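>>> Here's my sequence, what's the structure:
(one chain, ligands or ions: 1)
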Amino acid sequence: MKRYSAFAIAREAFRQHSGWTRAWGQAEPKPRYDVIIVGAGGHGLATAYYLGKNFGITNVAVLEKGWLGGGNTGRNTTIIRSNYLQDPSAAIYEKARSLYEGLSQDLNYNVMFSPRGVMMLAQTQHEIRGYQRTVHANNLQGVTTEWISPARVKELCPIMNIDGPRYPVLGALWQARGGTARHDAVAWGYARACADMGMDIIQQCEVTGVTTEAGKVTGVNTTRGDIKCGKLGMVVAGHASVLAQKAGFQLPIESVALQALVSEPIKPCMDVVVMANTVHGYMSQSDKGEMVIGGGTDGYNNYTQRGSFHHIEETVRALVETFPIVGRLKMLRQWGGIVDVTGDRSPILSKTPVEGIFVNCGWGTGGFKAIPGSGWAMAELMAKGASPLTEEFSMNRFRHGKFIDESVAAGVAH
Ligand SMILES: Cc1cc2nc3c(=O)[nH]c(=O)nc-3n(C[C@H](O)[C@H](O)[C@H](O)COP(=O)(O)OP(=O)(O)OC[C@H]3O[C@@H](n4cnc5c(N)ncnc54)[C@H](O)[C@@H]3O)c2cc1C
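Here you go, the predicted structure:
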């Protein structure tokens, strides 16, 4: 792989940029791999990357039915934070956040991580209690967050109306080292690093079936032929239950559409991420100047990557109340993604009833922030059969009633 650097850019400038090579090649499926990962979203690619980097397992294929990063990884609003309530969640999300800090250097690819600070507004007494509890929990977990006053909120985000008629701002949970990253770049950076280790990333290759023998996985059927494997990782977000069914087991997942929208670009006016969960909307400003706006999930299960109209209306109404300047903006685009939601709003990283099949799903509305930590932990689970970071996230917790209840910290979209 050609290293990206200021020196390389200067060198290429002198030869009309003729020396750049493709970031990853167009691979043809081989008959067999040690490991197949289904899904070239951030979590699948990160799993493959850490399998190679941490465990030297490089005979790996990542199969993608569409295009790389075209699922939720390329559709999210890019918020990164680790201020979760329960210990297992704080551990994996904080691992991810800390890996994000050095990810550009590690991958030699600029993922544009911007630790600009994330605030979650408290607009009811109930939220004050909830967020203050989270701050105390975070401090015990070693995750740095703080409770800030309405005056500090206004100082950090002057365009906000903190005296709203319905829900004035009563304070906020603030994580200064939270922020955003460029979502496509995260997928592209991992893909390039995987290809560099000799892994095959095969796009336009849908997995249509899973083959097993005596309760053990032997391979997959795909639209580009059958491929054998020693281990199989299912990392397909909103389609996790569909794929699990092909392997003969069920997952406690509901798939729902979550949507976002983006405004016309404007001059820099907001350098933090704000989430307002009571009125239900959240916003940050992209490097191009667009206001990136996220809303809620549809109230019914579906697989359309669109989302319903009433949610856009609700989200914009919430934002106009919190940020009156939004009322003057034109919206450029709206889109949706299919997110995979579990009953306790926590992910599943787990072995399955079929030997050799591992599943990583259930990140719901908030898995972008988890990509590096999830890939790190999933790779360890697949390579060694266990990982301290995934122990509590087994799918058996739904059998035993040992939930990791994150409905306060994660039961909202972000
Ligand atoms: C509108 C929106 C806003 C969001 N905002 C945030 C946010 O601000 N912060 C945050 O942390 N999270 C956010 N999320 C959630 C986050 O995007 C997801 O949790 C995360 O991207 C999931 O990544 P993934 O790699 O698991 O899934 P995906 O990126 O969806 O990748 C799964 C891939 O599997 C492929 N696939 C499916 N079935 C098959 C098959 N049979 N064969 C081959 N390939 C298959 C799909 O095509 C897809 O590319 C948001 C999501 C949405 C939709």
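>>> Secondary structure element holding V220?
For V220, the host element (DSSP states H and E) is strand 216-222.
>>> What strands flank the helix or strand following that strand, and is each parallel or antiparallel?
Downstream of strand 216-222, the first helix or strand assigned by DSSP H and E is strand 225-234. Counting by DSSP bridges, the strands paired with strand 225-234 are strand 32-38 (parallel), strand 216-222 (antiparallel), strand 357-361 (parallel).
>>> Show me which positions of strand 225-234 end up buried.
Neighbour-count burial for strand 225-234 flags 227, 229-234 (criterion: 16 or more other Cβ atoms under 10 Å). All C-beta atoms are positioned from the backbone trio N, CA, C, and that covers glycine.
>>> now stretch 107-120
In stretch 107-120, counting by 16+ other Cβ under 10 Å, buried: 107, 109, 111-120.
>>> Quickly check: that stretch near the ligand or not.
No: Stretch 107-120 stays out of contact with the ligand when judged by Cβ under 6 Å from any ligand atom, the minimum separation being 9.7 Å.
>>> Ok, stretch 339-350 next?
Yes: Stretch 339-350 is in contact with the ligand by Cβ under 6 Å from any ligand atom, via V339.
>>> Tell me which residues are up against stretch 389-408.
The set of residues external to stretch 389-408 that reach it, using Cβ atoms under 8 Å, 6 or more residues apart in numbering, is 84-86, 88-89, 91-92, 95, 130, 133-134, 251-252, 342-352, 359, 373, 376-378, 380-381.
>>> Inside helices: which ones of those?
Secondary structure assignment by DSSP state H places 88-89, 91-92, 95, 130, 133-134, 373, 376-378, 380-381 of these in helices.
>>> Among those, name the buried ones.
Buried, going by 16+ other Cβ under 10 Å: 88-89, 91-92, 95, 130, 134, 373, 376-378, 380-381, out of the ones in helices among the contacts of stretch 389-408.
>>> picking up where we left off before, is it possible to get TSV of the buried residues of stretch 107-120 that adds secondary structure and pLDDT?
Output for the buried residues of stretch 107-120, formatted as TSV (DSSP: H, G, I helix; E, B strand; the rest coil; pLDDT from 0 to 100):
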residue	secondary structure	pLDDT
L107	helix	98
Y109	coil	97
V111	coil	98
M112	coil	97
F113	coil	97
S114	strand	97
P115	coil	97
R116	coil	97
G117	coil	98
V118	strand	98
M119	strand	97
M120	strand	96
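>>> if we can go back for a sec, pick the most buried one from the strands paired with strand 225-234.
Per-stretch averages of neighbours, counted by mean count of other Cβ atoms under 10 Å, single out strand 357-361 among these, with a mean of 28.
>>> any residues touching that strand, and which ones?
43-44, 47, 210, 217, 231-237, 240, 244, 247, 251, 253, 340, 347-352, 374, 378, 381-382, 395.
>>> and if you look at stretch 11-19?
2, 20.
>>> let's see 7 Å
Outside stretch 11-19, the residues that touch it by Cβ atoms under 7 Å, 6 or more residues apart in numbering are W20.
>>> beta partners for S255?
Beta-bridge partners, per DSSP bridges, of S255: D340.
>>> contacting residues around the residue nearest to G281 when sequence neighbours are not counted?
In space, and not counting its chain neighbours, G281 is closest to A318: 3.8 Å by Cβ to Cβ, 6 or more residues apart in numbering. A318 is in contact with 276, 279-281, counting by Cβ under 7 Å, 6+ apart.
>>> Put the buried members of the residues you listed into a PyMOL selection.
A single PyMOL command selects the buried members of the contacts of A318 (16+ other Cβ under 10 Å):
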select buried, resi 276+279+280+281
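>>> buried residues in stretch 279-292?
So, applying 16+ other Cβ under 10 Å, buried residues of stretch 279-292: 279-286, 290-292.
>>> Relative to the ligand, which of these is nearest.
Closest approach to the ligand among the buried residues of stretch 279-292 (Cβ to the nearest ligand atom): Y282, at 7.5 Å.
>>> Enumerate the residues of the stretch 151-300 of the chain near the ligand.
206-207, 235-237, 239, 243, 258-260, 294.
>>> For whichever residue of the stretch 151-300 of the chain sits closest to the ligand, give its distance to R333.
Taking Cβ to the nearest ligand atom as the measure, the point where the stretch 151-300 of the chain comes nearest the ligand is A237, at 3.2 Å. Distance, A237 to R333, using Cβ to Cβ, to the nearest Å: 21 Å.
>>> More neighbours: which of those two?
Under the neighbour definition other Cβ atoms under 10 Å, A237 and R333 were set side by side, and A237 has more, 25 against 10.
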